[in-house]
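# here is my input; please provide its structure:
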Amino acid sequence: ASWGLFVDPGTHTGISVDEYWGVKVTGVLFSLLGFTFWLVVLGLVVDLMHNLLDGWKKRSFRIVMNDHTLILGWTPKTTILVKELCMAAESSGGAKIIVMGSDCSAYTMRMDMLMSL
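Numbers count the residues shown, from 1 in each chain. Next up is the predicted model:
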């Protein structure tokens with residue numbers, strides 16, 4: 001394989017012990033450059049995997065809540081239900097409301113709630 005030339009140039013190029021010093025220095029430089037090259041490639045792969053795993057962690061996280069109301073789905077009438085739940089829970093410090101299983105985005109639901117206030 002061609003990567004072997006970077007990793008061990010002495011063996012793959014047939015440089016002997018009694019070779020001229022310029023050839024040896026060239027072999028050492030190739031070896032150091034190859035070592036550095038593979039360190040950079042490995043660093044990029046590790047960074048790519050780290051970013052990929054972070055993205056997965058941000059997209060799929062677990063929420064643990066107690067004393068909440070769960071609403072399945074979102075319709076135009078859901079804003080009325082949410083307002084009524086908030087008014088009913090106002091005396092106890094507010095309500096925790098979770099909406100799941102909706103086809104619309106969280107942004108759309110938030111904007112609908114803001115428009116209905």
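
# where does the prediction get shaky in the chain?
Within the chain, the ranges that satisfy pLDDT under 70 run 1-13, 61-64.

# could you pull out the helices for it?
Under the criterion DSSP state H, helices of the chain are mapped to 3-7, 9-13, 21-59, 78-88, 106-116.

# Serialize these to JSON lines and add fields for mean neighbour count.
To be clear about C-beta, it is placed using only N, CA and C from the backbone, and glycine gets the same treatment. Listed next are those as JSON lines, based on neighbours: other CB atoms under 10 Å:
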{"stretch": "helix 3-7", "mean neighbour count": "14"}
{"stretch": "helix 9-13", "mean neighbour count": "15"}
{"stretch": "helix 21-59", "mean neighbour count": "11"}
{"stretch": "helix 78-88", "mean neighbour count": "14"}
{"stretch": "helix 106-116", "mean neighbour count": "12"}
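
# just so I know, which of these lies nearest T69?
Nearest to T69 among the helices of the chain is helix 78-88 (5.7 Å), distances taken as CB to CB.

# ok, and what's touching that closest one?
Residues lying outside helix 78-88 but in contact with it, judged by CB atoms under 8 Å, 6 or more residues apart in numbering, are 69, 71, 94-95, 97, 99, 109, 112-113, 116-117.

# same check, this time on stretch 90-99
Stretch 90-99 is touched from outside by 63, 65, 67-74, 78, 82, 85-86, 88-89, 109, with contacts defined as CB under 8 Å, 6+ apart.

# can you pull the buried residues of it?
Counting neighbours by 16 or more other CB atoms under 10 Å, one finds that the buried residues in stretch 90-99 are 95, 97, 99.

# tell me how far the last one lies from R59.
Spatial separation of V99 from R59 under the definition CB to CB, to the nearest Å is 18 Å.

# please apply the same query to the second one.
The gap separating I97 from R59 is 22 Å, by CB to CB.
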